[in-house]
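Participant: What follows is a predicted protein model with its sequence.
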Amino acid sequence: MGWNKCAMGLKFEITARDENTRARTGILHTAHGDVETPIFMPVGTAGAVKAMTQAQLEETGAQIILGNTYHLCMRPGHERVRELGGLHRFMSWPHPILTDSGGFQVMSLKGLGKVTEDGVWFRSHLDGTPHFFSPESVMEFQLALGADIIMTLDECVDYPSSHETLKRSVRLTGRWAQRSKKYFAENAARLQGCDFAEAGQTEVGPSLFGIVQGGTDEGLRRESALEIGELGFEGYAIGGLSVGEPKDDLYGMTEHVAGFLPEDRPRYLMGVGTPEDLVRCVALGVDMFDCVMPTRNARNGCVFTREG
RNA sequence: GGACAGGUGGCCGAGCGGUCAAUGGCAGCAGGCUGUAAACCUGCCGCUCCUUGCGAGCUACGGGGGUUCGAAUCCUCCCCUGUCCA
């Protein structure tokens, strides 16, 4: 019941459900420890949660943090991180890590990137050198980094985008998800850069999450959620939201998509959000969140207000 | 005592005869920030007035005096700071 059926195995245990909403609590068992959900994951893009020491990060109660494939590949490079013992050792974070695939950079760095069927070309924002990210190479990179949870390569698009653009990105994201899953299944054990046995867990290795796209189009969201869901991932992310759409759409789409995702798997709403967003989306059945806002706002001298 | 180098708006720091109320940066104030090209971006930042304008007046580049149509910028005396030599 609720145990994952994939070979590598991410155990997700639902421990309680709210009677009036779709909120639930759970435990995510990873090689680097358990994570109690719902969980907010601080973002440590390039190997550090900015403007905080690891000790301060621990004091906040953070249980799992993010890293970013694109940024870590640009500097210092996934191979170097692997050589140095994996991302956990590299950044002195012994707890779970989730790495984002670089799909968000397809949008945020679109001036430096070019999307093709095969993958994405990026010109490094650091030195302009060209780099290619495919669904397969992104698996390889994230396995080299040694993350506990890795994400499929997706195509995140701007808000607003035309129906045609959304449809194209949903279809492409679906094909990429399939390729990611296939490559992961065949190569994960061989490529993992982190010594999971050393972390005290021989049963659990890295796990792969799929990502749903579709902007604010209900039909495409449904299509994407069902397609990604049928592929069978260990967790499901709702991507492409909190990119400028009205709040009603953020909540509406989250609720809509969550309804089509497997009940027994963790749901991750990417890039969200404000304190209010978290509370509201937990009630819609979301288990995991990440957002740069708290760390960025803190650095930029702002604090969340009651209005959010 | 001697030799240099300096004293500029809350701070740091440009400017070195007019286009200077004076570049920049910091701090401050007001906005913004949602899978981080963000410790970043936008605006304001001497005082007063109004017909809100590449507007008017006032005050301001250590202090006094001077040169000049005009000085933060040149001269002179004084005060103060730093470095070095006695």
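Facilitator: Cool, got the structure.

Participant: so where does A:T15 fall, helix or strand?
Facilitator: Element membership of A:T15, judged by DSSP states H and E, is strand A:11-17.

Participant: Count the residues that sit near A:R222.
Facilitator: Per other CB atoms under 10 Å, the neighbour tally for A:R222 reads 16. Yep, even glycine has a C-beta here, placed from its N, CA and C like the rest.

Participant: check contacts around it.
Facilitator: Residues near A:R222 by CB atoms under 8 Å, 6 or more residues apart in numbering: A:214, A:256-257, A:260.

Participant: on that earlier part again, next structured bit after the strand holding A:T15?
Facilitator: Using DSSP H and E, the next helix or strand after strand A:11-17 towards the C-terminus is strand A:24-30.

Participant: and the helix or strand just after that next one, what other elements does it pack with?
Facilitator: The C-terminal neighbour of strand A:24-30 among helices and strands, as given by DSSP H and E, is strand A:33-37. Other helices and strands packing on strand A:33-37, by 3 or more CB pairs under 8 Å, 6 or more residues apart in numbering; DSSP states H and E, are strand A:24-30.

Participant: Could I get the buried residue list for the strand it packs on?
Facilitator: For strand A:24-30, the neighbour count (16 or more other CB atoms under 10 Å) marks A:24, A:26, A:28-30 as buried.

Participant: The residue nearest to A:I150 when sequence neighbours are not counted and A:E230, how far apart?
Facilitator: Nearest in space to A:I150, with sequence neighbours left out and distances taken as CB to CB, 6 or more residues apart in numbering, is A:Q142 at 3.8 Å. Using CB to CB, to the nearest Å, A:Q142 is found at 23 Å from A:E230.

Participant: neighbour-wise, which of those two wins?
Facilitator: It is A:Q142, of A:Q142 and A:E230, that has more neighbours when counted by other CB under 10 Å, with 35 against 12.

Participant: Assumed that one was part of a helix.
Facilitator: Yes - assessed by DSSP: H, G, I helix; E, B strand; the rest coil, A:Q142 belongs to a helix.

Participant: Strands along chain A, start to end?
Facilitator: In chain A, the strands defined using DSSP state E lie at A:11-17, A:24-30, A:33-37, A:39-42, A:65-68, A:97-100, A:113-115, A:120-123, A:130-133, A:149-151, A:207-212, A:235-238, A:267-269, A:288-291.

Participant: Might you calculate how far the first one sits from the centre of the chain?
Facilitator: If I follow you right, that is strand A:11-17. With CA atoms, centre = their mean, to the nearest Å as the basis, strand A:11-17 stands 19 Å off its chain's centre.

Participant: That one packs against which elements?
Facilitator: With contacts defined as 3+ CB pairs under 8 Å, 6+ apart, strand A:11-17 has these neighbours: strand A:24-30.

Participant: chain center to the strand it packs on, what's the gap?
Facilitator: Put simply, strand A:24-30 sits 16 Å off its chain's centre (CA atoms, centre = their mean).
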